[in-house]
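Sequence unavailable; structure follows:
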């Protein structure tokens, strides 16, 4: 994984003499103290983190936490007061005007909260704007714009004006317009906040879909924890201009850096963040399909369990044997393959708990968890599916995670 | 000769020194009652400035005079070439396109009525004076408005000047107009300009600054140059408000028609002036109502253009 953007000690201060507050930040004074002393507002306070190529990096925080200020530093709509931002090693804070224009035209594009569409232009003219100002010939830019309009599913609306479209469709135009420049990096400033929940959900899925195909680096701003954890590969939590914690959603939920973050994530829907692999138990008893029933009974007795999974030589799941069936089988001189039960539920390790709940309710055995190669990697007792949803038990279930 | 107030202070000190406190006291009382003998002849300086400009920039004023008078007479000649029925049809079509079928017919009738008053030629002269004034207003006003929106210094300097232009009684700037351009239509245009320029400047400024911040940001975020942002995004987005300014400017130019006729502008305003001199109620009414008709037509049509622009402005 290569690092695409390096944010180094970036601060953004608003006021008449922003630079004058920098030494106070270096000294570690708080936002309130600086406001009191110098009458300057700190937008972003000494932010440092890296963003990898091709990941969805979410910056999350409440309003006024500085997240919109920070994202505008990436394309210098806000010039950072201090610190540097390296795009593929190039420090954009030191760019000349022409270099900056080039970076904005070729590398980085932005999608806005209230869409920022040009209401006097048709959808097509909106989408081709980025190419038009680069003087791309009309035929060519039409063609590229058309492709992107189709990518976001707006074919047939080319000659409409933005105010003739619904909010969701307008934001698709915003997305198409950003994609038309074929940037490496997409900045998205609360792009779905102005949409109603159903459309928002749909747009999130579509964004992930587009991301899968185009592999852009996406920096995504949101105040919605569920949205952040649903679409983010990694999440940065901001408060009062500080970046409080950076990590994967699982890391942040499992180990919130401070009280503020644990408060923040309290009402998150865990079932949509945690996957099977997070709550499964690594099997310490397994029976090979070549083993006899005696081996199975011995394994069960030693581990104090009432059933055991049967796998083949390459750990592919074959079925399950219960203690009752095994004892019955020995009495009737049957072999293992005679008493093996195949009506077990197999789930992928990347499935979300949310999707496991109905399966757990239907199945009468523990859920078998397999990886991409169909190899058994663990099992989930049905009771763990439900207990995984409450926060205390998540920490407890940490012990099971290998 | 020292100024009056200095003499007063001198005498006051002298009286007090000589123990004549009573005399000094009554002198102070007198000063409090009536305004002291202090004069600052601001008007004289302006007078000097105007004569200085008229003497030294004669060539420039001659040039402006030449261009303006030529365009007015050219425009009038052109309008007079149009047959009366064609002109009425054009007005009807404009009214129909920008307002409604009924409005078109009404405006056509208005124009026809002005013709029946025997004021056809006067109407054409008035229209060309207004058109010339408005075009010059736009050429000067829109760039100034843009400059105001982008630069707070320009804005700080222009703002009080615009206030003064709008509140200064319009008769006052007829005088320097005569100095520069003599009696006639050009002076009328000059006076009309000063009166009707402020709205288009103000509304352009307001319109540019009122463009949605996110829309401007999005233009920047694609790497637009400042010129591209202005011409492709800010001006088209601001166009509806700018058109409202154009409408106001046109109406104010029309309001100046009678006053401008005092410096020799011909047209409908001149007829009003003549009717006042002759106490001719009939002519006064006909010329007056003709101006009202023109005002209604011009206002409705420019308004209609503004509304259409709201939707389709700047589209390629």
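The structure has been received and is ready for your questions. Bear in mind the structure is a predicted one, so any value in this text is a computation, not a measurement.

use CA for all of it now, contacts and neighbours both
Noted.

Name the residues of chain A found near chain B, please.
A:75, A:77, A:100-105, A:109-112, A:114-122, A:125, A:130, A:133 (Cα under 8 Å from any Cα of the partner chain).

and the gap between the residue lying closest to residue B:250 once chain neighbours are set aside and residue B:72?
The shortest distance from residue B:250 to any non-neighbouring residue, by Cα to Cα, 6 or more residues apart in numbering or on different chains, is to residue B:134 (6.1 Å). Residue B:134 is 12 Å from residue B:72, where distance means Cα to Cα, to the nearest Å.

Pick out whichever of the two has more residues nearby.
Remark: of residue B:134 and residue B:72, residue B:134 carries more neighbours, 27 against 23, as counted by other Cα atoms under 10 Å in any protein chain shown.

Was I right to think residue A:337 contacts residue A:287?
No - if you go by Cα atoms under 8 Å, residue A:337 and residue A:287 don't touch, sitting 11.5 Å apart.

So for these two, which sits in the more crowded spot?
The neighbour count for residue A:337 versus residue A:287, taken as other Cα under 10 Å, is higher for residue A:287 (24 against 16).

contacting residues for that one?
Counting by Cα atoms under 8 Å, 6 or more residues apart in numbering or on different chains, residue A:287 touches A:295-296, A:299, A:308-311.

mean confidence score for the top helix by length along chain A?
When chain A is parsed with DSSP state H, its longest helix is helix A:197-214. Averaging pLDDT along helix A:197-214 gives 87.

between the helix or strand following it and helix A:197-214, what angle do the directions make?
Counting by DSSP states H and E, the element after helix A:197-214 in chain order, helix or strand, is strand A:217-222. Orientation check (axes from the mean of the first three to the mean of the last three Cα atoms, to 10 degrees): strand A:217-222 against helix A:197-214 gives 170 degrees.

quick one, domains of chain A?
The record's domain parsing of chain A by automatic domain parsing lists A:50-274, A:277-400.

Would you mind giving those domains as CSV with distance to residue B:180 added?
Formatted as CSV, these follow (distance: least, Cα to Cα, whole Å):
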stretch, distance to residue B:180
domain A:50-274, 43
domain A:277-400, 84
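
Determine which stretch of the ones you listed is the most buried.
Of all these, domain A:50-274 has the most neighbours on average by mean count of other Cα atoms under 10 Å in any protein chain shown, namely a mean of 19.

Now do the end-to-end distance for that one.
24 Å.

before we move on, the earlier item: confidence-wise, which of the domains of chain A is weakest overall?
domain A:277-400 has the lowest average pLDDT among the domains of chain A, namely a mean of 78.

Just say helix, strand or coil for the closest residue to residue B:185 other than its chain neighbours.
Counting by Cα to Cα, 6+ apart, residue B:185 lies nearest to residue B:265, which is 4.4 Å off, once chain neighbours are set aside. The three-state label given to residue B:265 by DSSP: H, G, I helix; E, B strand; the rest coil is coil.

Residue A:101 against residue B:224, yeah?
Yes - at 7.0 Å, residue A:101 counts as touching residue B:224 under the criterion of Cα under 8 Å.

hang on, the earlier thing: which of the domains of chain A sits closest to residue B:48?
domain A:50-274 (48.0 Å; Cα to Cα).

now the closest one, how far from the centre of its chain.
13 Å (Cα atoms, centre = their mean, to the nearest Å).

try stretch B:279-288
26 Å.

for that stretch, which positions count as buried?
For stretch B:279-288, a neighbour-count test (16 or more other Cα atoms under 10 Å in any protein chain shown) marks B:283-284, B:286-288 as buried.

Need these in a markdown table (columns: distance to chain A and secondary structure).
Shown next, in a markdown table, are the buried residues of stretch B:279-288 (distance: Cα to the nearest Cα, whole Å; DSSP: H, G, I helix; E, B strand; the rest coil):
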| residue | distance to chain A | secondary structure |
| --- | --- | --- |
| B:283 | 48 | helix |
| B:284 | 46 | helix |
| B:286 | 43 | helix |
| B:287 | 42 | helix |
| B:288 | 40 | helix |
